[in-house]
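Chemist: only geometry, no sequence info:
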């Protein structure tokens, strides 16, 4: 079923269920923070919750921090998730 035929609630639920399958896996996170600021980091998907997901990202000097984003951020393409090795989008049906 095409994304345009699904309600936003169904799409967000589908994103959450698909991200559940990637828990513990590495991914590349590209987030548009506004004002021409784009952050691109590699990390590991740690948790999914009903309204958000948590990624442990690698910082400089071997530091790690946890960042959380909502599924709506993925839906609105504020956050893009891809495979760090191949660059392939983890949610290709969303494009």
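Modeler: On my side now, so go ahead. Because the structure is a prediction, the values reported are computed rather than measured.
Chemist: Which element, helix or strand, includes the closest residue to residue 23 other than its chain neighbours?
Modeler: Spatial nearest neighbour of residue 23, excluding adjacent residues (C-beta to C-beta, 6 or more residues apart in numbering): residue 45 at 5.4 Å. Quick note: C-beta positions are derived from backbone N, CA and C, even for glycine. Using DSSP states H and E, the element containing residue 45 is strand 38-48.
Chemist: check contacts around the residue minimising distance to the centre of the chain.
Modeler: Closest to where the C-alpha atoms of the chain average out (C-alpha atoms, centre = their mean) is residue 81, at 4.3 Å. Contact analysis of residue 81 by C-beta atoms under 8 Å, 6 or more residues apart in numbering lists 19, 27-30, 74, 89-91.
Chemist: please redo it, this time with the cut-off set to 10 Å
Modeler: Contacts here follow C-beta atoms under 10 Å, 6 or more residues apart in numbering; on that basis residue 81 touches 15, 18-19, 22, 27-31, 43, 45, 53, 55, 69, 74, 89-91, 94.
Chemist: Verify the contact between residue 25 and residue 44 for me.
Modeler: Yes - applying C-beta atoms under 10 Å, one finds residue 25 in contact with residue 44, separated by 6.9 Å.
Chemist: Please identify which of these two sits among more neighbours.
Modeler: Of the pair residue 25 and residue 44, residue 44 is the one with more neighbours under other C-beta atoms under 10 Å, namely 17 against 12.
Chemist: these two touch, right, the more buried one and residue 22?
Modeler: Yes - when contacts are counted by C-beta under 10 Å, residue 44 is listed as touching residue 22 (9.4 Å).
Chemist: Name the residues contacting each of the two.
Modeler: Joint contacts of residue 44 and residue 22 (C-beta under 10 Å, 6+ apart) are residue 55.
Chemist: Now do the phi/psi pair for residue 57.
Modeler: Here is the backbone geometry of residue 57 (degrees, to the nearest 10): phi -100, psi 150.
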